[in-house]
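J.: Got a sequence here, can you build the structure:
(one chain, ligands or ions: 2)
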Amino acid sequence: MNQAETLERIMTHSAEQKKTTNRKQGAVLTSPPRVICVTSGKGGVGKTNIVTNLGFALSKAGKKVLVLDADLNLANVDILLGLTPRYNLHHVFMGEKSLQEVLVQGPAGLLILPASSGIMELAELTEHQRLYFLAEMDALAQEVDIMLIDTAAGINNNVIYFNLAAQERIIILTPEPTSLTDAYALIKVLSGRHDVKRFRILVNLARSEKEALAVFRKLSIVADRFLGSLSLDYLGHIPYDSKLPQAVREQRLVSDLFPDSAASRMFGRLAREISQEEPEVKADGNIKFFWQGLIDL
Ligand SMILES: Nc1ncnc2c1ncn2[C@@H]1O[C@H](COP(=O)(O)OP(=O)(O)O)[C@@H](O)[C@H]1O
Ligand SMILES: [Mg+2]
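T.: Ligands and ions are numbered 1, 2, ... in the order given. Sure, this is the predicted structure:
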């Protein structure tokens, strides 16, 4: 069986499961998937590790998760997972491959869409290509519970687009002062120019919860004072964990290789919290509208 067939099988199976669960709960339609954008002002703060480990932990918690690698500068979700995707979104747009053939499977059934070199083309698609692509995405969306987006860092158009198109935003901070000022600048642009008012903050590389909360408070104080009505929520922290770079060197996820390490336990805890919360129900936040939004931007 080739990889496409394997994926096809997995997805059909999971779609059946999802339908059965929904039927059991008396619902007729499958629930719309959540789209969560993970971003930061500064680079190298741990976004890719957070997206992939959170995705892994959510998969373990029974969710079907799709990771969209949308970092155009340093697309490295695949490297981190030791995968070598042969195709990406570009091949879908060229009509050479179907979406199913482009998706790669990571540990615990995590799905990865290597998109970086195709994203720029979204704006230049012909009507036919758009319709084909949206239909493919719509079909995939039926099988997915959560889509996590790994963006580039900083304030460039792509980062802004993904933040606007997603339904929820998680901003990664570290205790470094530059990470704070860069995150502030990003939030200022998103809230001031684009009217995005709700952000969740996750502090990475913290030595303790206390330090993480102090970092969060610093950001809230300046945001309150200078940016007006905003909602900044503290999502949690991921501790500095020497097992994490060790896993990176082995091209494995720390949550997979060292499930009992401090960072892995925290990814598990966050995943449980995220999977239990009631997402904001917003029609324009699901995967189909997400892509539609990007194409129309
Ligand atoms: N919680 C952590 N504990 C230890 N090292 C970390 C942690 N998070 C990130 N790192 C280190 O930072 C590096 C960069 O992380 P990465 O996820 O690639 O950042 P980004 O995607 O924001 O550029 C990782 O390769 C790892 O060595
Ligand atoms: Mg990255």
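J.: isn't Leu202 right next to Pro239, touching?
T.: No: using C-beta atoms under 8 Å, Leu202 makes no contact with Pro239, being 11.9 Å away. In short, each C-beta sits where N, CA and C put it, glycine included.
J.: Of the two, give the one with the bigger neighbour count.
T.: Neighbour comparison, Leu202 and Pro239: the larger count goes to Leu202, with 25 against 19 (by other C-beta atoms under 10 Å).
J.: For ligand 2, give me its nearest residue in the stretch 101-250 of the chain.
T.: The stretch 101-250 of the chain approaches ligand 2 most closely through Asp150 (6.0 Å), counting by C-beta to the ion.
J.: Surely that residue touches Asp78?
T.: No: in this structure Asp150 lies outside contact range of Asp78 using C-beta under 8 Å: 10.9 Å.
J.: what residues are shared contacts of the two?
T.: Common neighbours of Asp150 and Asp78 (criterion: C-beta atoms under 8 Å, 6 or more residues apart in numbering): Asp69.
J.: of these two, who's got more company?
T.: Asp150 (28 against 20).
J.: Please list all residues in contact with the residue nearest to that one when sequence neighbours are not counted.
T.: Of all residues not flanking Asp150 in the chain, Val51 sits nearest, at 4.2 Å (C-beta to C-beta, 6 or more residues apart in numbering). Val51 makes contact with Val38, Val67, Val77, Leu148, Ile149, Asp150, according to C-beta under 8 Å, 6+ apart.
J.: what does Gly236 give?
T.: By C-beta under 8 Å, 6+ apart, Gly236 lies in contact with Leu202, Val203, Ala212, Met266, Arg269, Leu270, Glu273.
J.: Name the helix or strand for it, please.
T.: Counting by DSSP states H and E, the element that carries Gly236 is strand 231-239.
J.: right, is that strand up against ligand 1?
T.: Yes: judged by C-beta under 6 Å from any ligand atom, strand 231-239 and ligand 1 are in contact via Ile238.
J.: Show me what the following helix or strand past that strand is packed against.
T.: On the C-terminal side of strand 231-239, the nearest following helix or strand under DSSP H and E is helix 243-249. Counting by 3 or more C-beta pairs under 8 Å, 6 or more residues apart in numbering; DSSP states H and E, the packing neighbours recorded for helix 243-249 are helix 254-257, helix 262-276.
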